[in-house]
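> Got a predicted structure plus its sequence, pasted below:
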Amino acid sequence: MASAYGDFRHLLPSSYKRLITSWLEEDCPSFDYGGFVVGESDGEARLLGKAKGVVAGVPFVEEVFAQLGCTVEWHVREGEPIEPIKHCATVRGPIRKILLGERVALNILARCSGIATKSASLVAALRTHGWRGTLAGTRKTTPGFRVVEKYGILVGGADPHRHDLSSMTMLKDNHVWACANNCAAKDGVGPASTESVAAAIPRAVHAAKVAGGFATKVEVECRSVEEANAAIEAGADVIMLDNFTPDGVREAAKQLKQDWAGKKQSFLIEVSGGLNESNAASYACSDVDIISTSSIHQGVGIVDFSLKVSLR
């Protein structure tokens with residue numbers, strides 16, 4: 001998809017081609033019995049969109065067929081919404097090879113398009129409510145399929161958030177608890193208390209800053225305004241208000257932005273925890289910069305496509 005800044009396919013690491021090779025090998029680990037029946041004749045097949053949605057996953061589909069010696073001519077643009085039945089592309093090459101890549105290509109396209117469709121829908125819903133912040137996915141992705149899912153989020157107009165543990169430092173509740181327990185054990189005072197957890201946030205943030213250096217942002221998951229204040233004071237770049245109520249988010253975000261105006265370096269406020277298309281808008285307000293949710297990529301439906309060999 002070509003955004004205002006360039007083509008998203010240019011973001012893809014070269015490793016995605018190895019992933020596609022492995023997926024083709026997984027789908028045909030031994031003999032291709034059906035392909036034996038087909039023979040070696042050349043031909044073409046129509047890629048049909050059978051459901052309403054946003055098309056996403058073009059570079060992955062192209063690579064599937066390129067590895068099999070086939071070409072793809074697209075009749076729609078990536079990111080374009082379609083209605084059924086839509087002739088989206090024409091695949092040309094040896095029919096045996098087209099059919100060899102059929103299911104791998106369709107699975108990728110259906111899943112990636114489903115994520116783009118869900119992402120675009122929630123972005124549109126939030127914009128309708130006048131919110132201009134960033135909708136982001138999460139790291140709750142499918143092992144081995146993350147690059148496709150994150151790509152679908154981008155095509156749908158949302159932010160992919162961090163791709164992996166090395167992308168930024170996110171100190172979640174378990175990190176802070178573990179840090180507090182570690183400090184308590186060193187001091188010989190036993191298990192950490194709620195108070196000592198808040199006190200451990202600055203230590204955790206400072207350690208993350210030392211390890212990640214100036215180029216790595218630090219985000220802290222906070223369960224209260226007190227924890228958020230401790231994280232901001234320590235220099236956290238992003239404050240995540242996790243599992244707050246909508247009213248609690250509005251009150252906390254407003255208080256934090258007012259209390260710290262002009263006092264420290266700028267910080268972003270992110271809201272997360274059980275957000276989806278039915279309730280995300282109730283958390284959207286001018287003091288919230290980011291809404292993150294796994295609902296745009298985890299457990300979403302697909303956009304159905306099929307591949308039909310053309311008769312001569």
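Great, that's in hand.
> And the next helix or strand past whichever helix or strand residue 107 is part of?
Residue 107 belongs to helix 95-128 when assigned by DSSP states H and E. Next along the chain after helix 95-128, taking DSSP H and E as the criterion, comes strand 134-136.
> Give the next helix or strand downstream of that following strand.
Using DSSP H and E, the helix or strand that follows strand 134-136 towards the C-terminus is helix 146-155.
> Residue 307 looks like it's in a helix, true?
No - if the criterion is DSSP: H, G, I helix; E, B strand; the rest coil, then residue 307 is strand and not within a helix.
> and it, how many neighbours does it have?
18 (other C-beta atoms under 10 Å). Using the backbone N, CA and C atoms, a C-beta is placed for each residue, glycine as well.
> Next up, phi/psi of the residue lying closest to residue 53 once chain neighbours are set aside, please.
Of all residues not flanking residue 53 in the chain, residue 303 sits nearest, at 3.4 Å (C-beta to C-beta, 6 or more residues apart in numbering). For residue 303, the backbone dihedrals (degrees, to the nearest 10) come out as phi -100, psi 120.
> Give the burial count for residue 303, as a bare number.
Using other C-beta under 10 Å, residue 303 is surrounded by 26 other residues.
> again, but for residue 292
Residue 292: 23 neighbours (other C-beta under 10 Å).
> Kindly state the pLDDT recorded for it?
Predicted confidence (pLDDT) for residue 292: 98.
> Quick check: beta-bridge partners of it?
residue 136 (DSSP bridges).
> Touching, it and residue 274? I think so.
No - using C-beta atoms under 8 Å, residue 292 makes no contact with residue 274, being 11.2 Å away.
> Now the common contact residues for these two.
Residues touching both residue 292 and residue 274 (C-beta atoms under 8 Å, 6 or more residues apart in numbering): there are none.
> just checking, what packs against the helix holding residue 107?
helix 15-27, helix 33-38, strand 42-49, strand 53-54, helix 58-66, strand 134-136, helix 146-155, strand 305-309 (3 or more C-beta pairs under 8 Å, 6 or more residues apart in numbering; DSSP states H and E).
> okay if I get those as a markdown table plus mean pLDDT?
Formatted as a markdown table, the helices and strands packed on helix 95-128 follow (pLDDT from 0 to 100):
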| stretch | mean pLDDT |
| --- | --- |
| helix 15-27 | 97 |
| helix 33-38 | 94 |
| strand 42-49 | 97 |
| strand 53-54 | 98 |
| helix 58-66 | 98 |
| strand 134-136 | 98 |
| helix 146-155 | 98 |
| strand 305-309 | 97 |
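> Let me know which of the ones you listed is the nearest to residue 76.
strand 42-49 (7.7 Å; C-beta to C-beta).
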